[in-house]
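Student: Got a predicted structure plus its sequence, pasted below:
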Amino acid sequence: MSTPHNSAKAGDFARTVLMPGDPLRSAFIAETFLENPRLVNNVRGIQGYTGTYRGVPVSVMASGMGMPSMGIYCHELYKEYEVENILRIGSAGAISKKLKLRDVVAAQGVCTDSNFARQFQLPGTFAPIADFTLLETAVSAARSMGVEMPVGNLLSSDVFYDASNSTMKWADMGVLAVEMEAAALYMTAAHLGRRALAICSISDSIVTGEALPAEDRQTTFTTMMKIALETAVKMAHR
């Protein structure tokens with residue numbers, strides 16, 4: 001089995017896949033946390049690995065940047081490789097004054113300025129939400145680690161450099177942070193009857209102007225990674 005974007009064979013991916021945006025973060029997670037990781041995909045440099053974590057098979061593969069890229073990779077994992085759970089583990093920019101750098105947030109729901117949902121030809125506006133079982137499991141995992149993980153709405157935007165300077169308007173509606181992939185993941189999961197959850201580390205703040213360098217984003221968001229890995233373990237035993 002292979003697709004235009006994935007050279008893995010049938011059975012190469014575990015039931016649960018962690019999906020950072022950055023391929024280098026994918027490699028870091030595999031090399032740091034997984035036992036006996038093996039590279040199962042490297043088409044276009046989108047590195048995918050499968051190994052075990054505390055005896056449970058877990059895969060990690062990058063999604064690339066933006067909803068079109070996420071839409072391709074999560075669709076293929078769900079539909080072609082029969083993956084059941086995808087946890088996006090990415091970076092996000094805080095628009096809530098309550099968040100600081102390196103905080104971890106979970107997306108109960110995702111707002112978006114994208115037309116991604118148009119393909120489904122719905123007679124209204126679709127509200128992308130996380131799978132509750134995954135969300136509940138991740139919150140439990142975070143709590144057992146002593147991590148306070150805010151849960152709420154994120155914004156998935158199609159633009160990084162916003163010419164309208166309107167991103168902060170979403171904060172008035174209680175949105176916590178902005179990123180670029182979760183809405184596509186949630187909509188694809190809903191369409192295909194699978195589970196999805198986005199857990200993000202705050203890499204910068206639109207409120208304060210603070211930002212972490214690229215290397216820190218690749219290698220220091222270990223709290224988020226551990227929450228996702230523990231979630232994968234718990235899901236394997238449900």
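Tutor: Structure received. Being a predicted model, the structure only gives us computed values, none of them experimental.

Student: Show me what counts as buried in the worst-scoring helix or strand of the chain on mean pLDDT.
Tutor: Considering only helices and strands, the least confidently modelled element of the chain by mean pLDDT, DSSP states H and E is helix 214-219, at a mean of 76. Residues of helix 214-219 classed as buried: 217-218 (neighbour count, 16 or more other Cβ atoms under 10 Å). In this view, the C-beta of every residue, glycine as well, is placed from N, C-alpha and C.

Student: right, and the helix or strand after that helix?
Tutor: If you walk from helix 214-219 toward the C-terminus, the next helix or strand you reach (DSSP states H and E) is helix 222-236.

Student: which helices and strands does that following helix pack with?
Tutor: Packed against helix 222-236, as judged by 3 or more Cβ pairs under 8 Å, 6 or more residues apart in numbering; DSSP states H and E, are the following elements: strand 16-19, helix 23-33, strand 48-53, strand 56-61, strand 85-94, strand 104-112, helix 132-144, strand 195-205.

Student: Off-centre distance for that helix?
Tutor: Its chain's C-alpha centre and that of helix 222-236 lie 12 Å apart, by Cα atoms, centre = their mean, to the nearest Å.

Student: quick one: it to strand 85-94, angle?
Tutor: Counting by axes from the mean of the first three to the mean of the last three Cα atoms, to 10 degrees, helix 222-236 points 160 degrees away from the direction of strand 85-94.

Student: Take helix 222-236, keep the C-alpha atoms, and write them as PDB.
Tutor: Listed next in PDB are the C-alpha coordinates belonging to helix 222-236 (Å, rounded to 0.1, in the frame of the first residue of the first chain):
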ATOM      1  CA  THR A 222       8.100  17.900  25.900                       C
ATOM      2  CA  THR A 223       5.200  18.400  28.300                       C
ATOM      3  CA  MET A 224       2.800  18.500  25.300                       C
ATOM      4  CA  MET A 225       4.500  15.400  23.800                       C
ATOM      5  CA  LYS A 226       4.200  13.500  27.100                       C
ATOM      6  CA  ILE A 227       0.500  14.300  27.500                       C
ATOM      7  CA  ALA A 228      -0.100  13.000  24.000                       C
ATOM      8  CA  LEU A 229       1.900   9.900  24.500                       C
ATOM      9  CA  GLU A 230       0.200   9.100  27.800                       C
ATOM     10  CA  THR A 231      -3.200   9.600  26.000                       C
ATOM     11  CA  ALA A 232      -2.100   7.100  23.400                       C
ATOM     12  CA  VAL A 233      -1.300   4.600  26.100                       C
ATOM     13  CA  LYS A 234      -4.700   5.200  27.900                       C
ATOM     14  CA  MET A 235      -6.600   4.900  24.600                       C
ATOM     15  CA  ALA A 236      -4.900   1.500  23.900                       C
END
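
Student: Give the buried residues for it.
Tutor: Using 16+ other Cβ under 10 Å as the test for burial, helix 222-236 gives 223-236.

Student: nearest to residue 211, of these?
Tutor: Nearest to residue 211 out of those is residue 224 (Cβ to Cβ; 17.0 Å).

Student: any idea how far residue 155 is from that closest one?
Tutor: With distances defined as Cβ to Cβ, to the nearest Å, the gap from residue 224 to residue 155 amounts to 18 Å.
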